[in-house]
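Colleague: no sequence on hand, only this structure:
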């Protein structure tokens, strides 16, 4: 009888372990799928917002909720506006500015206009909330 109880306990532990591993795999897949959906949504909305304002940015990419703007833009004003537009979108946590201005004279390495920078959007409380 002692062997039967020990065997039943071992089978229960093995079943729980296998179930836990399977649950972890399913959860990981669900998170990865949702993350990709969020990145695609933010990229699409960022490109649309930039296009609406007439600003062309060569590469708009997201890793999670963090955006990266890369490539050449027409002017310093477009560069600043692009960062502002993308960082103001709902769901964006931060924007890394890796853009350069077309036909700009060779910049110095210390020039803040050419150094990649991270811009984090301002957090605004929704209307009607009390803090």
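Modeller: That came through fine. No experiment lies behind these values; they were computed from the predicted model shown.
Colleague: three-state assignment of residue 72?
Modeller: The three-state label for residue 72, taken from DSSP: H, G, I helix; E, B strand; the rest coil, comes out as strand.
Colleague: with residue 92 instead?
Modeller: Counting by three-state DSSP, the three-state call for residue 92 is coil.
Colleague: for it, what are its contacts?
Modeller: 42, 46, 65-67, 86, 121 (CB atoms under 8 Å, 6 or more residues apart in numbering). C-beta coordinates here come from the backbone N, C-alpha and C atoms, glycine included.
Colleague: can you check residue 43 too?
Modeller: For residue 43, the contact set (CB under 8 Å, 6+ apart) comprises 60-62, 67.
Colleague: related to what we said a few turns ago, among the contacts of residue 92, the buried ones, what's the ChimeraX command?
Modeller: Buried subset of those, written as a ChimeraX selection, criterion 16 or more other CB atoms under 10 Å:
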select :42,46,66,67,86,121
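Colleague: in strands, which of the contacts of residue 92 fall?
Modeller: Those of the contacts of residue 92 mapping onto strands are 66-67, per DSSP state E.
Colleague: quick check, nearest of the contacts of residue 92 to residue 55?
Modeller: When the contacts of residue 92 are ranked by distance to residue 55 (CB to CB), residue 86 comes first, at 9.8 Å.
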